[in-house]
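[1] one predicted model, sequence on top.
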Amino acid sequence: MPDPGATDLRDPVRGDGPGAEGAGRFSVDTRDLPPAIRLDAWRAFWQPAVHVTARCDGAEGFIGQATLRRLGRHVLLDMQAAPANYRRPRSQGLRDGLDHWVVALHIGETERPTAAIWLGSLSQGIGLRDLGGRWLAVFIQPQCLPQLASVFAAPRAVPVLSPAARMLAGMLPRITASADQFAAREAPRLEAALSSMLAACLLDDEMQPTSGRLQLEAARRARVIALVDAALGDPELSPAKLVRQTGLSRSELYRCFAPTGGVSRVIQLRRLRRAYAELARADGPSSISLIKDAVGFFDASSFTRAFRREFGCTPREVLARRPPPAAHPCPGLAAALSPR
């Protein structure tokens, strides 16, 4: 197989920089590439956030088109591709910090939505086999719509039966089709409108998981994690402070996070994950000391030990692997979902 050089991949995969006509738009189209490197281009678009493997009969001459559009802090996906397998381990979220919720809709050959809406979460991992055809999706930052936490408590497919589900299935194609017609300065207004529509549709009783306990615990976890993320640099951040801020009892708080090792463990994980993201970001701070202080670690040796234990490498090694700053963001899913 020939080596897919930079020239081969530059044109079909694009990420427009800030201020460009198509700012916040990332796309890939393998149709005009040599057949031998089409799958490589498709993988490059999704990785490292999602790992893609083709079926045995689809590796050679793989056909795929995808466009990601930022709409404020939400991201729209419009893709059409040959069947392939998409996998994201739960552990990947520790490394890249992406924990977006996903609302996905399969579009049939008649350009009408099919019978189910898929709801998932990048933080819970993804395992989808033989996914092909045309799909539309919205990636939602949890902190934008914390009231939807119960909806994404577990990945599942929801039948398009209720009025709310039908409204959502009809809304996604229209929003995707018109997204390029708006200027970048209108993104905050469009994000607010999309957030309102998503909340109105997804909070319908038919879209909720059947377990009331799952709903309650997911909502509580989302509220606590939002408080943790907003105060990572606070030296007084602790389970006791979170109890005071949330009004939950100590036992209720600990019960919510028992499956993930407890509240203190969650605080440390969020701190380490933020530190890893800042160290790996091409335009992030170059001082390890500043990064560790910003995420609430005030002892260098304890920070390095915890970091190595979690990621198997030191902060300095991650910083050394950081790519040089580029004029344009790296094109693909991770670039579209990463904070600007």
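    Looks like it came in fine.

[2] tell me where this protein has helices.
    6-10, 38-46, 92-96, 163-178, 187-202, 212-230, 239-246, 250-257, 263-280, 288-294, 300-311, 315-320, 333-337 (DSSP state H).

[3] those helices into TSV, with extra columns for mean pLDDT, mean neighbour count and distance to residue 69?
    Any C-beta I mention is one placed from the backbone N, CA and C, and that applies to glycine too. Output for those, formatted as TSV (pLDDT from 0 to 100; neighbours: other C-beta atoms under 10 Å; distance: least, C-beta to C-beta, whole Å):
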stretch	mean pLDDT	mean neighbour count	distance to residue 69
helix 6-10	31	12	20
helix 38-46	90	23	14
helix 92-96	73	18	20
helix 163-178	88	17	8
helix 187-202	88	17	10
helix 212-230	76	17	25
helix 239-246	90	15	35
helix 250-257	85	16	35
helix 263-280	87	20	22
helix 288-294	92	17	30
helix 300-311	91	15	32
helix 315-320	90	16	30
helix 333-337	86	21	8
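
[4] so which of those comes closest to residue 112?
    Nearest to residue 112, of all the helices of the chain, is helix 163-178, at 8.8 Å by C-beta to C-beta.

[5] between the helices of the chain, which one is nearest to residue 121?
    Closest of the helices of the chain to residue 121 is helix 92-96, at 9.0 Å (criterion: C-beta to C-beta).

[6] bridging residues for residue 85?
    Note on residue 85: beta-bridge partners by DSSP bridges are residue 53.

[7] just checking, it touches residue 50?
    No - checked against C-beta atoms under 8 Å, the pair residue 85 and residue 50 is beyond contact range at 10.2 Å.

[8] tell me which of the two has more neighbours.
    residue 50 (19 against 15; other C-beta atoms under 10 Å).

[9] and the more buried one, how far is that from residue 282?
    20 Å (C-beta to C-beta, to the nearest Å).

[10] now residue 248: closest residue in space that isn't a chain neighbour?
    residue 220 (6.6 Å; C-beta to C-beta, 6 or more residues apart in numbering).

[11] touching, that neighbour and residue 254? I think so.
    No - contact criterion C-beta under 8 Å: residue 220 and residue 254 do not qualify, at 11.2 Å.

[12] who touches both of those two?
    Common neighbours of residue 220 and residue 254 (criterion: C-beta atoms under 8 Å, 6 or more residues apart in numbering): none identified.

[13] may I have the beta-bridge partners of the nearest residue to residue 336 once chain neighbours are set aside?
    Distances taken as C-beta to C-beta, 6+ apart put residue 68 closest to residue 336, at 4.1 Å, once the chain neighbours are dropped. With DSSP bridges applied, residue 68 shows beta-bridge pairing to residue 26, residue 77.

[14] how many residues are close by residue 68?
    Counted with other C-beta under 10 Å, residues neighbouring residue 68 total 24.

[15] what do you get for the one 5 residues further on?
    Other residues within reach of residue 73 by the criterion other C-beta under 10 Å amount to 20.

[16] how close does it sit to residue 187?
    In this view, residue 73 and residue 187 are 9 Å apart by C-beta to C-beta.
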